[in-house]
Each structure stands twice: as structure tokens, then as C-alpha cells.
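Trainee: let me see the structure of the following:
(chains A and B)
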Amino acid sequence: MIASIARKEFSEIVRDGRFKWTAGIMALLLLTALAAGYQKYNAHMAMQSLAQDQTNYQWLNQGDKNPHSGAHYGNYAFKPAGPLAFFDNGISNYAGTALFMEAHKQNFAIGRPATDQSSIGRFGDLSGAMILQLLMPLLIIFLGFTAFSGERESGTLRQVLSMGVSNRQLLWGKALGIGTAVLLVVGACVLIGGLALSLTGLHAEGESLGLRVTLMTASYLLYAAIFLFLTLAVSAWAKNARTALMVMVGFWAFVGFLAPKAAGEISRIVHPTPAFGQWMADMRGHQMRGIDGVPPFVRFEQESRAIFAEYGAETIAELPVYVGALRLQKFEEYDFPVFDEHYGRLRDSYINQRRLQDRLGVVAPTLPLRSLSMALAGTDLIRHIDFADAAETYRRDMVTRINAYLGEAAASLNTAGGVLVSDQEVFGIVPPFEFRSQGLGATLDEHGGNLIALVLWLLASLGLALWAVRRLRVEED
Amino acid sequence: MKRIIISHETRQLFRSGAFRALLLLVAGALAFAAFSGQRSIDRQVDGAMAATAFEDAQRAKMRADTEAYEARLAAQGGKYEFAGARHAPGAGPPQGTNAGVVGAQTAKYLTLPPTGLASFAVGQSDIQLNYVPVSMNPTHTTTNNLELENPLNLMTGSFDIAFVLIFLLPIFILAISYDLLSSEKERGTLAMILAHPISLKELLASKIIARAGVLVASILGLGLVALFAVGTNLDSADTWARFSLWMAATLLYSMFWFAMAVMVNVYGRNSAANGIALAGTWLALVVVLPTLVSLLATTIYPAPSRMELTVAARDAQTDAEKTYMARLDEYYYDHLEFIPEGDERATDFLTVAMANRNAIEKAVRPLYDEFQGQLNRQESLVQRFQFVSPAIMMQLALNEVSGTSADRYEHFLNQAYDFHARWGEYFSVKFLQRDPLKPADYDQFPAFEYQEEPFGTVLMRLVPSLLGMIVLLTGALLIPFLRLRRYQVATS
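Mentor: Prediction:
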């Protein structure tokens, strides 16, 4: 029985001219978005690996100079795109792509693509994710709002129910029929996109691409099912078709447009992001004061006796290492906790804002889905922080290696004047920078809650649909 | 008769719980938007003040050092001398006497002041910092500004008044007018009403006047309340001129959506079909078309890669360092008057750095100009394609009215670049001449004052968007006007 209801629902939808139009437009947009996304992804990846190779080469071939000057020259870290960025570009437009790693300073990633876009870019990217998050639900609503309310209005509901079909069978049949019609559009596009991709290939070794795609598909299916059952519930509950439509369109506008912005704003009120000027002044003031209130120069004086003792030396002449290099290294180390504190404060505000937005997913399923989708695409905040952390770890290792080398090689400068000049071989003690993501495990730990939120939303909408069809009475009509 | 219908419709509206809830929602959304728009502006203003205070304090400290030095000399005698740049504190004249150190190691923050209506549309101001540091570093680093906002929030965008007007207001308008005629027809009351001495045209006009009157008056009134609550420069004529333009744009945009509802209604379909058509129109005009225009702009005029710029700047730097004696000679060739006595050039890292900066500036300038060029071409493409969607026109108009448009920011940046040149010139001349900075010189540092664009320029940039909306509105009114004659009152 369910099968024949589904078949009837499906063929009725597919034969409707409106379906052909909406489905056609949506398929066209989806394919355009995937093609544009892939082109952008490819251009970014090609440029990223070229630029990274070039700056790694530049580091080695920066010319013969003092190693500390070499550390000032530094290196750059360029952020690769996430493995599924062509589908969901996430925060990539708004996060920096190039991070300068130099002596003395921790830096932010600069070069946000959004600054090189017209102001209309703020309406958002046309991406596969955007289409599935915003347009697909509307398609489901359009196809499903008349499922019960329409039959009630045309009087066929009475006939169907009088034939001995149970309310539940009717619900499952209709869900199956509409679901198949939606999948026909979305699934075909995703298949074509996937096929085209497997021919061209993605640069994603060690990113567990298969698992990412599987989880991504599952999340979007959950999301589609939520809208499907909600639409059916409202269609069964509403007195007429237009009320069902208005309620669902209102819900869609709320979860798709209002809720994300409101959640963003609320998260900023609860966990404010410091302003750049304030933050910069705080951190630089803190650096000058010293982490514990002892300025770096004073602290080095205080510690110098202990440092000398460590090397069993009384005077500078007896030191087996160059005192200038020691001081450079100590000053770097004095700054580490200051950087950790201030950059950490900023990062915590980001993370707390994101978590709060995820939690607000209890009122809008788009929030957890959006978060999950970006995470699986590798274009989310976690990935960005991961990248910045990797660059900072590299920077600290770079200056430590260079200072250690300087200390040993320039010990004679303690008593004699002059400058140590090093060449390519010395700069080679710092390995080239290469970003390796932490993989999917860490991401999933953080996003388990979002997956649960989606499942709960599905259960709730399913429950609502079952409740609404149970109170479906022929007499009411 | 018309008056009776208008007052009846208005009473009906207020009696409907759904309408009251919608109105409350609009008011709530506007209040929240005004509040959060103001937060965003305040945050920037506070940030600019903190950054300026910090850098000014750095210079004040350097100045205090030179004052102490001058006093010491006055007491003990001796010549007021120029200090070489040092990495660590040491004896001798303070670093504040070295113009190269002051000019390169402290920054001057230039601020683009927000207009009185800035909180109405955040625009790009959350990405493009409205305060930029100027020092002797290459120009392109000036705009490597570091707004710290969470990229996730930047992606989502601000919940500002512009968002409420562009995205939410049409939904409210469509929700109260999608069944303007169809509901009467479905209830069977349409034929009855038209049996009275009123034409269909008048009936439609009366219904729209009732709805538009209530909604638009509320929006404009709430806008005024928001202006008094969070606006700044309330005593300036500029603010009120901007507010009038805001009202004009809001009125045009709202009327366009009412016209869309009328247009769909005169086709005589049922309410559900009208709802689908209008929801689809909203989606196309407000969501899909703007993203398509943006995609078109970035596809036709893609910005060069920032990564490429970075690599080019580093190549220029390495090249400059490797041939720095030649660079230095080249530099001094341009500035013969600055060659210091003796040959201290080779050991003076600040001079070398200055020569380097010069070389980097020259090397990356073309690439940097290409960024600005592509951005300008994207903006002009958007200007041309804005007419496909009232949402784009409205966004451009609101950014313009609020002073958060790309053009005003470029106007500010151009002034910042000029100032950058003046600032660099002042300090490099003093530095290269080894002319020690005296405390009094600190009062002579170049000062920056932002020159606001003439209001006429703003108005000229607004004209296309406003005219476009007027044309679109006229078109949207004309079609139902012509079509109305064929409307079938009775369902067969």
C-alpha cells in the first residue's frame, strides 16, 4: 500500500510543470555552483602549493647574511583549501590565507579573499552547500505542503481514508514519494558532480575523503528528512493549503536567514571579540611590562647569573655560547606566554562563539548542519585555528633552531666584534613548512553534538508528523 | 467608499493576531538590529581610540626621553646629538632623537569617522578596518589590517538594519498581502464587495494603502526611533540628509514588494499558488541573483592572488638585500643631498631597511594596483548589474547612505596613502640628514584630518540605485494595472 501511495505521489509531482521548472532551475544552479566551486578550489590549490614552494625556496636562497637577519626574513605559511572546499567554502573567504612567520612576533593570517570582492559578495557564495541548505528545503516545502491539506481541500482525503488506508501508511507513502522526487534532482546533480570530480581528482591524501563524503551525505539527508516530515506534519495539521505553505515558508526563512545571523550576534554579545586596536595595545603593553611585571631587559639581567652558572662561566669571555644569541632566545621565550595568553583569549572567544551558535541549533536545524558541513569540508574555524597553531609551532621551532646555531657558531663574538654571516646550508637546518591537518578525528569530537542535534530534530519532526496524522479525521473536513 | 474600505482593512489588520505578531516581530528585529549595528560601530571606534592612544603614548615616551636629554645637556653642557638605531637600551642620546626610529617603529593611526547613520548598514566596515596604521613600512602593508572579528561571524554577516530591511521586510510584506484578492475570492466575498460602487482597481488600491500605510509608517517611525537611540551627530545636517535618503530608499523598496504582491494577485490564481510564486520571487531576487552577480564579478574580474603578492614582495626584498650597496647608491643618487659624512652607510641597518622598503614598494606597486583595479572593475560590474535585483540596489543604496560603501572607503584609503607619503618623507629626510629630533619637533609631525566627500558626490552615486528602484517599481505597478481588466471575479 505504501508503495502505491508513494508511486502516485511521485508521478503526480513529476508530471507537474511546476516541478520541472523548479527542479530544472535548482539543478542548473547546483551544477553552476559545483563548477564554480571546483574552479576556485583548483586555482587556490595550484597557487597555494606554488607559493609555499617558492617561499620555502626563498628562505633557503635568501642570500648570505647573519642568521638572525635570516630569522627576521622568515618564511610564510600558506593555507591549503579544505578537501571538500569546492562544495562548501565555509569561512575561507573571511579567513586569511598567508601567515608570516618571523623572529620576535606572532602574526595573524592575512589576505582574506573577501577584501578583494565587491560589497555584494556579502550576500554569500553560490555554493553547493548553500543550495542544499537553503534551496532544497524550499523545494521540499513546495512539493509537500499540499500532501494532506490539498487532499483535504479537494475532498479526496475522505475517499482515501475510507478505503482503509491507515494514517501512518499515508504518511510513509507520501514521504517516500516526495523524498524520491527531491532525491531525483539533488542526487542526480551530486552524482554528476562526483563523477566529474573523480575524473579530475582532489588533492586530499590522508584526509579520509570517503568518510567525509559519507558523513556529509548523511547529514544532508537528515536535514532533508527533517524538512520533509515537518512539511508533512504541518500539511496534516493545517486547515488549508495556504496556511500550511505560509507556516512552512515562515519557518524556512527563520531557520535559514534569521537564525544564523541572530545566533552570530547573540554569540558576540555573550562572548565579545576584542577590537583589534584594544587587543593590540593590550598585548604590546603586556610584552613591554613582561608577563609577570618584570620587563624583558630587567628580567634578563636578573637571570643572567643563573644563565652563566648553567654554562659554568663567570664572565662573558668564559661563556661557550654567544651571549647575543642567548638573549635573543630568552626574549623569544619571555614573549611566548604573552602571545599564548592574548592569542589564546582571542581564539577562545572564537571557539566559544562557535559552540554557542551550535547549541542554538535547538531552535534551527540549519545551524548544526552548517557547522557540520563546514567541518567535513575542512573549511571551518577548527581547521583555521589548526593552521595558525601549526604556523606558530613552526615559527618557534625556526627561531629556536637559528638562535641555537647562532649561539654555538658565534661564541667568539662574545669578546671580539664582527658579524657572523651564514649561507644556504645554515638556513637548511630549518625544515620547509608544510601544513598537515590534524585529520577528521579531532573535528568529529567537536561536532558529535551537531550530529546528535540533527538526529533529535529528525525524531522531533517525525514525532510531530505522526501526531499530526493521528489526529487527521475525515469528519474534521 | 474607498475610505470605508481602507479603515475597515486597517481595523481588520490590527484585529488579526498574526498581523500583530508580525508587527511585533518587525519592531523586535529592528530594535535588535539597531542595537547590534551600534555595537559593531562602537567596537571599531573604541578599537581606533585604543590603538591611537597606544601609539601616541609610545611617541610621548620618546619625546619625554628627548626632553630629559635636552635638560641634561642644558645642565651639563654638550651637543644635542643624533642617536644611531639600537636594538637594546644603551647609553648616549635617546632613540627619540632618531627620526628613522620614530617614523618606522611607531605608527600613526588614521581614522575614518563613522557617519551619523553608520549603524544602519555595517556594509564592508566589519572587514575593512576604519582605522589603518601608517608608518614607514611599504604602502601595501597599511591595508593588511587585522580586524579580529571571528571569520565565522564575518561569513554569517551582521544582523543590522539593512539586513532586516532587505531580507525580512519583504517576507512580512508578502505574508500580509499574498492573498490580497485571492482570499476574498476563495471566501466568495469578492463578488459581493464589487457589487458596491467600487472598482476592482480602487479595492486593490485601498487594500494596499491600508497595509502599506501601517507597515511603512511603522518601519520609518522605528527607523527614527533607532536614529535617536543609537545615531550620532544628530545636530548635523548631513545625518538628516542621509536619514531622508534612507527613508526614500526604504519606501521605494517596500512599495516594490507590495507591487509584486499585487502583480501576482491579479493573475487570479489561488492563495497557495500566489504564496509559492512570491516565495520563489523573493528567493530569486534576494538570495540567488545577488550571489550570481557576485559570482559573475569575481569570475570576470578575479583579484590576483594575495599569495602571489607575498611571493613577489619577498623576491623584491631578497633582490634588494643581495644588491643593497647598488640599491643604496641608487637611492642616494635620487637623494644626493642626504649622503652622510664619512661612510657609515654599510653598517646602518635603518638606512638599508629604508632603501629596501623603497625597492619593495617599487616592485609590488604594480601588483597592488592590480588588486585595486580588479576590485574597482568588480564594483563597476555590480553597479551595472544591480538593476537585476532590488535587493542589490537596496544594499548599495544603504551602504552609501550609511557611509560604509566601497567608494567612501577608497576615498579614505587614498587620503591615507597620501598621508603615508608625507609621513615617510618627513621622517626619512630628517633621518638621512642625521638631523636629531628635538622635543619641539614632535609638534611638527604631519597631522591627518579626514576630508569628507562632498554630499553631492554621495548623492550622485546613489542616483543609479534609487532610479533603478523607481523604474522597477513603475514596471511592477504597470503590469497589474494593464492586467487588471482581464481579472475574473467569479470563479467558473
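Trainee: let me see the ranges of the strands in the chain.
Mentor: No chain in the question, so chain A it is. All strands of chain A, identified by DSSP state E, fall at A:75-78, A:98-101, A:109-110.
Trainee: right idea, wrong chain: chain B
Mentor: Going by DSSP E, chain B shows strands at B:108-111, B:131-134.
Trainee: just checking: what are the partner strands of the last one?
Mentor: Applying DSSP bridges, strand B:131-134 is found paired with strand B:108-111 (antiparallel).
Trainee: need the residues that contact the strand it pairs with.
Mentor: The contact list for strand B:108-111 (C-beta atoms under 8 Å, 6 or more residues apart in numbering or on different chains) reads A:277, B:48, B:51-52, B:55, B:130-135, B:412, B:415-416, B:419, B:423, B:445, B:448, B:450. (C-beta placed from N, C-alpha, C; glycine too.)
Trainee: before we move on, what about stretch A:425-434?
Mentor: With contacts defined as C-beta under 8 Å, 6+ apart, stretch A:425-434 is touched by A:52, A:55-56, A:59-60, A:62, A:67, A:70, A:75-77, A:101, A:391, A:394, A:397-398, A:401-402, A:405, A:409.
Trainee: filter these to the buried ones?
Mentor: Using 16 or more other C-beta atoms under 10 Å in any protein chain shown as the burial test, the contacts of stretch A:425-434 include A:52, A:55-56, A:59-60, A:62, A:67, A:70, A:75-77, A:101, A:391, A:394, A:398, A:401-402, A:405, A:409 as buried.
Trainee: how about the residues of the stretch 201-350 of chain A near chain B?
Mentor: For the stretch 201-350 of chain A, the contact set with chain B under C-beta under 8 Å from any C-beta of the partner chain comprises A:241-242, A:245-246, A:249-250, A:253, A:257-258, A:260-265, A:267-269, A:272-282, A:284-285, A:297, A:327, A:346, A:349-350.
Trainee: run a quick neighbour tally on residue 210.
Mentor: Just so you know, I chose chain A. 8 (other C-beta atoms under 10 Å in any protein chain shown).
Trainee: try again with chain B
Mentor: 21.
Trainee: what residues are up against residue 279?
Mentor: Using chain A. Per C-beta under 8 Å, 6+ apart, neighbours of residue A:279: A:342, A:345, A:346, B:47, B:148.
Trainee: looking at chain B here, not the other one
Mentor: Applying C-beta under 8 Å, 6+ apart to residue B:279 gives the contacts A:138, A:142, A:245, A:249, B:174.
Trainee: how far away is it from residue B:257?
Mentor: The gap separating residue B:279 from residue B:257 is 12 Å, by C-beta to C-beta, to the nearest Å.
Trainee: show me whatever sits in contact with both of these two.
Mentor: residue B:174.
Trainee: show the buried residues in the residues of the stretch 201-350 of chain A next to chain B.
Mentor: Buried among those (16+ other C-beta under 10 Å): A:241-242, A:245-246, A:249-250, A:253, A:257-258, A:260-265, A:267-268, A:273-282, A:284, A:327, A:346, A:349-350.
Trainee: neighbour-wise, which of the contacts of residue A:279 leads?
Mentor: residue B:47 (25 neighbours).
Trainee: which ones are touching that residue?
Mentor: A:275, A:276, A:277, A:278, A:279, B:129, B:131.
Trainee: the contacts of stretch A:425-434 in helices, which ones?
Mentor: With helices defined by DSSP state H, the entries of those inside them are A:52, A:55-56, A:59-60, A:67, A:70, A:391, A:394, A:397-398, A:401-402, A:405, A:409.
Trainee: out of the residues you listed, which one sits closest to residue A:230?
Mentor: For the ones in helices among the contacts of stretch A:425-434, the closest approach to residue A:230 (C-beta to C-beta) belongs to residue A:391, at 43.8 Å.
Trainee: for the contacts of residue A:279, give me TSV that also has distance to residue A:333 and pLDDT.
Mentor: Converted to TSV, those look like this (distance: C-beta to C-beta, whole Å; pLDDT from 0 to 100):
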residue	distance to residue A:333	pLDDT
A:342	16	95
A:345	20	94
A:346	21	94
B:47	29	91
B:148	25	84
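Trainee: which ones among those residues map onto helices?
Mentor: Of the contacts of residue A:279, the ones assigned to helices by DSSP H are A:342, A:345, A:346, B:47.
Trainee: among these, which one sits closest to residue B:83?
Mentor: For the ones in helices among the contacts of residue A:279, the nearest to residue B:83 is residue A:342 (30.8 Å; C-beta to C-beta).
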